[in-house]
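Novice: sequence plus predicted model, see below.
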Amino acid sequence: QVQLVESGGGLVHTGGSLTLSCAASGRTFSSYVMGWFRQAPGKEREFVAAISRSGGSTIYADSVKGRFTISRDNAKNMVYLRMNSLKPEDTAVYYCAARVGVVVTTNREYAYWGQGTQVTVSS
């Protein structure tokens, strides 16, 4: 089992940047595929990005491709989401998630979730 805690959210202007961090507990962090999801008010939770156990493979939602970068540091039990060129439509609560298995983009396939961190992009 793994516990996840996100941090790094905040208020930023359009075009700005933020880096979200997710700290994971446990000694088997490298066994988990990690993902970032987001949920805006009144909308379904949606996939943002995911990274393989080794960090060698990543996948992104089309809406963030070229602007966001997911990375991980298995030695520190950390996963990051670097967000550049932020837009008002990126405003949401961002969640870190973990699963055992292969990289997938469906939120119901992730068993472990953090509490979320708010990102607000002002126009």
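Specialist: That came through, no problem.
Novice: now the most centrally placed residue in the chain. Nearest residue, chain neighbours left out?
Specialist: Nearest to the geometric centre of the chain sits residue 36, at 2.3 Å (CA atoms, centre = their mean). Among residues not flanking residue 36 along the chain, residue 48 sits closest, at 4.3 Å (CB to CB, 6 or more residues apart in numbering). Every residue, glycine included, has its C-beta placed from N, CA and C.
Novice: please name the strands paired to the strand or helix carrying that neighbour in the sheet, noting orientation.
Specialist: If you go by DSSP states H and E, residue 48 is part of strand 46-51. Sheet pairing for strand 46-51, assigned by DSSP bridges, gives strand 32-39 (antiparallel), strand 58-60 (antiparallel).
Novice: what is the mean pLDDT for it?
Specialist: What strand 46-51 shows for mean pLDDT is 98.
Novice: export it as PDB, just CAs?
Specialist: Only the C-alpha atoms of strand 46-51 are listed here, as PDB (Å, rounded to 0.1, in the frame of the first residue of the first chain):
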ATOM      1  CA  GLU A  46      -9.800  13.600 -16.100                       C
ATOM      2  CA  PHE A  47      -6.400  12.100 -16.900                       C
ATOM      3  CA  VAL A  48      -3.500  14.500 -17.200                       C
ATOM      4  CA  ALA A  49      -0.300  12.400 -17.400                       C
ATOM      5  CA  ALA A  50       1.200   9.100 -16.300                       C
ATOM      6  CA  ILE A  51       4.700   7.700 -16.000                       C
END
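Novice: distance from the chain centre to that strand, please.
Specialist: Centroid displacement of strand 46-51 relative to its chain, using CA atoms, centre = their mean, to the nearest Å, is 6 Å.
Novice: list the contacts of the residue nearest to residue 36.
Specialist: 35-38, 60-61, 64, 68, 81, 94 (CB atoms under 8 Å, 6 or more residues apart in numbering).
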